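quick one: sequence and predicted model below, then my questions.
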Amino acid sequence: GGGSGSVNVTTPSGCSYAAVTGPSWLSVTSNGSGVGPGPVTLGFSATPNSTTSPRSGSLTIGGTAFLVSQDATACSVTVDASGLGSPFSAGGGSGPLAITANGSNCAWTATSSTSWATPSATAGTGNASITVTVGSNASSTTGRTASLTIASQTVGLAQAGTVCSYNLGSMVATVPNAGGNGTVTVSTANACTWSSTPDPTATWLTITSSGSQGTANVTFHAAPNTSSTPLTGTLTIAGQNFVVNQAATPCTYTLGSTTFNAPAGGASGPSFTFQTPATGCSTTATSFSSWIHVTTAQPVTTQTGSIAFTVDANPAAATRAGTIQLAGQTFTVTQVAAACNYSLNFYAFLWNQAGGNGNILASPSANGCTPSASVNQPFVGVTPTPTGPVLNIFTESYTVSPFVSSNSQVRRATILLGGQSVLIKQTSW
């Protein structure tokens, strides 16, 4: 720190002396020269030593060297951690520490409280910049701290743990109504744990296997959906909703038979069976013919059952067909034609020898019937096709020739009209 001092100078009587200074930091403050005898007190002073090394200098007094020694300034070391970058992320990193000493000969050491934070130098002198390397903390979700001791000074640092974020490979899955398995991937850091839970309201949807840490898969199973209503369930995976949609079973119907042959007189008890794989379906059996009547109550809501119907009598002499529709399926009813029977206004007629013209009226049993006529004897003439119908009546005209005979005789002929026999009897008188 500098200061002053003194030395006694003794010379023989009448002898003189003088002091010669040495280095600039050392000066004589009093009695720098004189004449003996003595003793004489010579004062000197030293300026402060601003270095960290000791120094010495001499005063030459009367030709004799007087040595003055001065202590060094104490070493002072400071550490600047402003550029270190603490706190560090979980991935680690590095940052500088600036060491400033007041002398190049000032020694310092650097130590760490942990193995995951290490300085690039553990000792040195004077000014320096060292790098602190922080290792990865990705394997932990918990933060950590450490301290460095440099020249008896403590520098603290901190490092975060892994921050967990979770990503699902998809947020929605679709499965067919037949059911099946599916997989979704959870992506996250290895240190991150997670769980998966099923939907308590969707008993048809179950988790069959699941990871619990890091990137892993969740496998789920959907049971078959036999309902005509689509299903939705939600799995909770790593805190996120994963939605599973399952298609409905379509209301497709299969008929046990697709045709029925009805007699001309109609039918009152036939039916056909049906089935559908889905529950909850509703449909209607509809007749597209006025002569076919569905008697089963509508709508049809069962998975299996039968459709009963009646068939009216066929009033025509032509085969006819009609259909019943059930959910797009067609059931065909074919009904044979009504038989063509005829009623005649008479079945026998008596003619005298003169003969003449006559008419036979025929009424058919069914619409569309047309009778034909024939005769087995030449004395009777017929028209093959009757006229009409008029008001559902056919008219068959015939002619009986005169009967000329010298004897009393009777002749007979049969007209066949629509399958009905008419006897024609003629006398010769």
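That came through, no problem.

what sits closest to the residue nearest the centre of the chain if chain neighbours are left out?
A centroid search over the chain (CA atoms, centre = their mean) returns Val172, at 1.6 Å, as the residue closest to the centre. Take Val172 and drop its neighbours on the chain: the residue closest to it by CB to CB, 6 or more residues apart in numbering is Val243, 4.8 Å away. Where you see a C-beta, it was placed from the backbone N, CA and C, and this is true even at glycine.

Asn137 too?
Distance criterion CB to CB, 6+ apart; nearest residue to Asn137, sequence neighbours excluded, is Ala90 at 4.7 Å.

one more: Thr188?
The shortest distance from Thr188 to any non-neighbouring residue, by CB to CB, 6+ apart, is to Tyr166 (4.8 Å).

just the pLDDT at the one you found, thanks.
Note on Tyr166: pLDDT of 97.

pLDDT score assigned to Val382?
On pLDDT, Val382 comes in at 97.

now this structure, which segments are flagged as low pLDDT?
Applying pLDDT under 70 to the predicted model, the chain contains no residue that meets it.

ok, which stretches of the stretch 101-250 of the chain are strands?
Assigned by DSSP state E, counting those that start in this stretch, the strands in the stretch 101-250 of the chain fall at 107-112, 117-119, 123-125, 128-134, 144-150, 153-159, 167-168, 172-175, 180-187, 196-197, 205-210, 216-222, 231-237, 240-246.

let me know which of the ones you listed is tucked in deepest.
Here the criterion is mean neighbour count by mean count of other CB atoms under 10 Å, and of those the winner is strand 117-119, at a mean of 20.

backbone dihedrals for the residue nearest to Thr188, please?
Backbone geometry at Tyr166, expressed as degrees, to the nearest 10, gives phi -120, psi 130.

who's in contact with it?
When the contact criterion is CB atoms under 8 Å, 6 or more residues apart in numbering, the partners of Tyr166 are 186-188, 192, 194, 238-240.

distance of the closest residue to Thr133 other than its chain neighbours relative to Thr174?
The spatially closest residue to Thr133, leaving aside those adjacent along the chain, is Ser94, at 4.6 Å (CB to CB, 6+ apart). Here the criterion is CB to CB, to the nearest Å. By it, Ser94 lies 49 Å from Thr174.

so how far is the first residue of stretch 198-211 from its last?
End-to-end distance for stretch 198-211, by CA to CA, to the nearest Å: 14 Å.

make 690 the starting number, not 1.
Sure, I'll start counting at 690 from here, so that last one is stretch 887-900.

got the contact list for Ser995?
Taking CB under 8 Å, 6+ apart as the contact definition, Ser995 lies against 945, 960-963, 985.

check which helix or strand it maps to.
strand 993-1000 (DSSP states H and E).

after that strand comes which helix or strand?
Following the chain from strand 993-1000 toward its C-terminal end, the next helix or strand by DSSP H and E is strand 1009-1015.

other SSEs contacting that next one?
Strand 1009-1015 sits against strand 974-976, strand 981-983, strand 993-1000, strand 1018-1024, with contacts defined as 3 or more CB pairs under 8 Å, 6 or more residues apart in numbering; DSSP states H and E.

how far does the first one sit from its chain's centre?
Distance of strand 974-976 from its chain centroid, counting by CA atoms, centre = their mean, to the nearest Å, is 41 Å.

show me the contact partners of that strand.
Taking CB under 8 Å, 6+ apart as the rule, strand 974-976 contacts 982-983, 985, 987, 989, 996, 998, 1011-1015.

pick out the most distant pair among the residues you listed.
Across the contacts of strand 974-976, the two members that end up farthest from each other (CB to CB) are Val989 and Gly1011, 19.1 Å apart.

mind checking which of those two has more residues around it?
Taking neighbours as other CB atoms under 10 Å, Val989 and Gly1011 compare with Val989 leading, 21 against 18.

list the contacts for the more buried one?
Residues counted as contacts of Val989 (CB under 8 Å, 6+ apart) are 963, 971-974, 996, 1015.

CA atoms only for stretch 959-979 - export them in PDB, please.
Extracted as PDB, the C-alpha positions of stretch 959-979 are listed here (Å, rounded to 0.1, in the frame of the first residue of the first chain):
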ATOM      1  CA  PRO A 959     -99.800 -67.600 -48.300                       C
ATOM      2  CA  SER A 960     -96.700 -65.800 -46.900                       C
ATOM      3  CA  PHE A 961     -93.000 -65.500 -47.500                       C
ATOM      4  CA  THR A 962     -90.200 -65.200 -44.900                       C
ATOM      5  CA  PHE A 963     -87.500 -62.500 -44.600                       C
ATOM      6  CA  GLN A 964     -84.400 -61.700 -42.500                       C
ATOM      7  CA  THR A 965     -82.000 -58.900 -42.100                       C
ATOM      8  CA  PRO A 966     -78.600 -58.900 -40.200                       C
ATOM      9  CA  ALA A 967     -79.200 -55.600 -38.500                       C
ATOM     10  CA  THR A 968     -81.300 -54.700 -35.400                       C
ATOM     11  CA  GLY A 969     -83.400 -51.600 -35.300                       C
ATOM     12  CA  CYS A 970     -84.500 -51.700 -38.900                       C
ATOM     13  CA  SER A 971     -87.900 -50.600 -40.000                       C
ATOM     14  CA  THR A 972     -89.500 -51.100 -43.400                       C
ATOM     15  CA  THR A 973     -92.800 -51.600 -45.100                       C
ATOM     16  CA  ALA A 974     -94.100 -54.400 -47.300                       C
ATOM     17  CA  THR A 975     -96.100 -52.800 -50.100                       C
ATOM     18  CA  SER A 976     -98.300 -54.500 -52.700                       C
ATOM     19  CA  PHE A 977     -98.200 -52.900 -56.200                       C
ATOM     20  CA  SER A 978    -101.200 -54.700 -57.400                       C
ATOM     21  CA  SER A 979    -104.800 -54.000 -56.300                       C
END
